[in-house]
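**Q** got a structure for you, letters missing:
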Ligand SMILES: Nc1ncnc2c1ncn2[C@@H]1O[C@H](COP(=O)(O)OP(=O)(O)O)[C@@H](O)[C@H]1O
Ligand SMILES: [Mg+2]
């Protein structure tokens, strides 16, 4: 698999409380495959993509669980410097 998202959880901690934006998202994309994610406004599509890219607003956002495997590497365990090499060169977001 090119990309595997496993049981991803993202929260936003704001003055008004904790917003659980992403609650256990799983998906995988193979090389050459196109995946369309549909959902109502506010259901967490963009926040999931931001977590994959490593461009989540932290704080208030925080990845509280799960794994994001890109070519088998868990992106959440990479140092920011290594993450930066992947972003733009190997994955991008419009
Ligand atoms: N910076 C933020 N602070 C607080 N809540 C946020 C922030 N960004 C996104 N959210 C919340 O996360 C949830 C998912 O948003 P989002 O991923 O943008 O939805 P979608 O792209 O599916 O329309 C929404 O409830 C939204 O209000
Ligand atoms: Mg969106």
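**A** That came through fine. Remember, predicted model here, so these are calculated numbers, not experimental data. Ligands and ions are numbered 1, 2, ... in the order given.
**Q** Residues of this protein that sit close to ligand 1?
**A** Residues of the chain lying near ligand 1 by C-beta under 6 Å from any ligand atom: 12, 14, 19, 21, 39, 41-47, 57, 60. Backbone N, C-alpha and C define where each C-beta goes, glycine included.
**Q** The closest residue to residue 65 other than its chain neighbours sits in which helix or strand?
**A** Nearest residue to residue 65, sequence neighbours excluded (C-beta to C-beta, 6 or more residues apart in numbering): residue 9, at 3.8 Å. In this assignment (DSSP states H and E), residue 9 forms part of strand 3-14.
**Q** moving C-terminal of that strand, what's the next helix or strand?
**A** As assigned by DSSP H and E, the chain's next helix or strand after strand 3-14 is strand 17-29.
**Q** Narrow the residues of the chain next to ligand 1 to those in helices?
**A** The helices, defined by DSSP state H, take in 45-47 from the residues of the chain next to ligand 1.
**Q** filter the residues you listed down to the ones near ligand 2?
**A** When C-beta under 5 Å from the ion is applied, the members of these adjacent to ligand 2 are 45-46.
**Q** Kindly reformat the ones in helices among the residues of the chain next to ligand 1 as JSON lines and extend each row with distance to residue 71, neighbour count and pLDDT.
**A** Conversion of these to JSON lines gives the following (distance: C-beta to C-beta, whole Å; neighbours: other C-beta atoms under 10 Å; pLDDT from 0 to 100):
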{"residue": "45", "distance to residue 71": "23", "neighbour count": "15", "pLDDT": "97"}
{"residue": "46", "distance to residue 71": "23", "neighbour count": "14", "pLDDT": "97"}
{"residue": "47", "distance to residue 71": "23", "neighbour count": "22", "pLDDT": "98"}
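**Q** Perfect, that will be all.
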